[in-house]
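Peer 1: Coordinates only, no sequence provided:
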């Protein structure tokens with residue numbers, strides 16, 4: 001009786017064994033999750049915002065796979081935030097703008113300016129007087145976005161010109177050759193290889209870059225005090241071979257190497 005039950009029991013479970021193994025084999029492995037999951041990965045967010053300036057094929061590839069990336073935004077430094085549609089808007093890339101909107105992106109006033117949507121822009125400015133002076137990503141003005149719209153955006157350019165203050169420029173006082181030499185170089189604020197700032201003279205003037213990140217244009221306010229593009233509230237001060245970056249309550253001091 002005992003032996004018979006054992007055989008019967010074995011035969012009863014035998015058909016289930018290969019089914020169980022087959023089910024496990026067909027289950028895909030769990031992907032490795034990054035530290036901030038379910039927030040989207042920084043490198044993917046940066047990639048879609050960067051591509052949205054000029055690479056429609058890459059934008060389609062990324063957004064088709066993960067539609068929420070159509071609304072992605074990236075801080076290029078010091079609070080200079082840019083969404084994917086911001087990127088396409090300030091370079092006048094209408095096909096990318098249209099693709100992003102079709103996939104859930106949120107158009108902005110800068111999008112409307114670039115696309116020549118005059119009634120929308122006029123209504124916004126009527127609702128918020130002075131709004132035409134507001135800057136977009138990288139400190140780019142309303143007029144810069146209108147010009148990015150191309151030859152077909154002449155009516156928008158004319159309207160903004162009539163306002164007289166839709167193209168405010170950053171103050172950028174000249175530097176002497178001695179002043180430039182005094183601030184160009186690398187500054188360390190820690191022991192790590194990326195815990196450094198690099199100050200250089202670029203084609204548009206002075207730039208500041210944290211090693212491994214993007215260089216930001218600087219604008220001289222006088223007395224070797226600078227602001228970075230798109231982040232007017234941040235102050236960068238040079239004095240006695242040191243650099244101090246202040247962003248509200250956060251202040252970082254770095255020594256020139």
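Peer 2: Ah, there it is. Since the model is a prediction, treat every value here as computed from it, not as a measurement.
Peer 1: next one: phi and psi at the residue minimising distance to the centre of the chain?
Peer 2: By Cα atoms, centre = their mean, the mean C-alpha position of the chain lies nearest to residue 74, the distance being 2.6 Å. Backbone torsions of residue 74, given as degrees, to the nearest 10, read phi -130, psi 140.
Peer 1: from what I can see it touches residue 49, true?
Peer 2: Yes: judged on Cβ atoms under 8 Å, residue 74 makes contact with residue 49 at a distance of 4.3 Å. Backbone N, C-alpha and C define where each C-beta goes, glycine included.
Peer 1: Find residues that contact each of the two.
Peer 2: Counting by Cβ atoms under 8 Å, 6 or more residues apart in numbering, the shared contacts of residue 74 and residue 49 are 82-83.
Peer 1: ok so, going back, okay, and the beta partners of the residue nearest to the centre of the chain?
Peer 2: Counting by DSSP bridges, residue 74 is bridged to residue 82.
Peer 1: Can you show me the helices along this structure?
Peer 2: Here the chain has its helices, by DSSP state H, at 2-13, 16-26, 42-51, 56-65, 84-90, 94-102, 109-114, 118-127, 142-148, 154-163, 177-183.
Peer 1: Nearest to residue 231, out of those helices?
Peer 2: helix 84-90 (14.6 Å; Cβ to Cβ).
Peer 1: That closest one packs against which elements?
Peer 2: helix 42-51, helix 94-102, helix 109-114, helix 142-148 (3 or more Cβ pairs under 8 Å, 6 or more residues apart in numbering; DSSP states H and E).
Peer 1: re the thing from before, state the pLDDT value of the residue nearest to the centre of the chain.
Peer 2: On the pLDDT scale, residue 74 is placed at 96.
Peer 1: what residues are up against it?
Peer 2: Contacts for residue 74 were tallied using Cβ under 8 Å, 6+ apart; they are 45-46, 49-50, 81-83.
Peer 1: With residue 80 instead?
Peer 2: Residue 80 makes contact with 137-139, 216, 228-231, according to Cβ under 8 Å, 6+ apart.
Peer 1: okay if I get those as TSV plus distance to residue 184?
Peer 2: Listed next are the contacts of residue 80 as TSV, based on distance: Cβ to Cβ, whole Å:
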residue	distance to residue 184
137	26
138	22
139	22
216	15
228	16
229	18
230	22
231	21
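Peer 1: Mind putting those residues into JSON lines with neighbour count?
Peer 2: JSON lines is the format used below for those (neighbours: other Cβ atoms under 10 Å):
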{"residue": "137", "neighbour count": "22"}
{"residue": "138", "neighbour count": "18"}
{"residue": "139", "neighbour count": "19"}
{"residue": "216", "neighbour count": "23"}
{"residue": "228", "neighbour count": "27"}
{"residue": "229", "neighbour count": "22"}
{"residue": "230", "neighbour count": "23"}
{"residue": "231", "neighbour count": "20"}
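Peer 1: for stretch 228-241, what is the average pLDDT?
Peer 2: Stretch 228-241 carries an average pLDDT of 96.
Peer 1: Show me what counts as buried in that stretch.
Peer 2: 228-231, 234-238 (16 or more other Cβ atoms under 10 Å).
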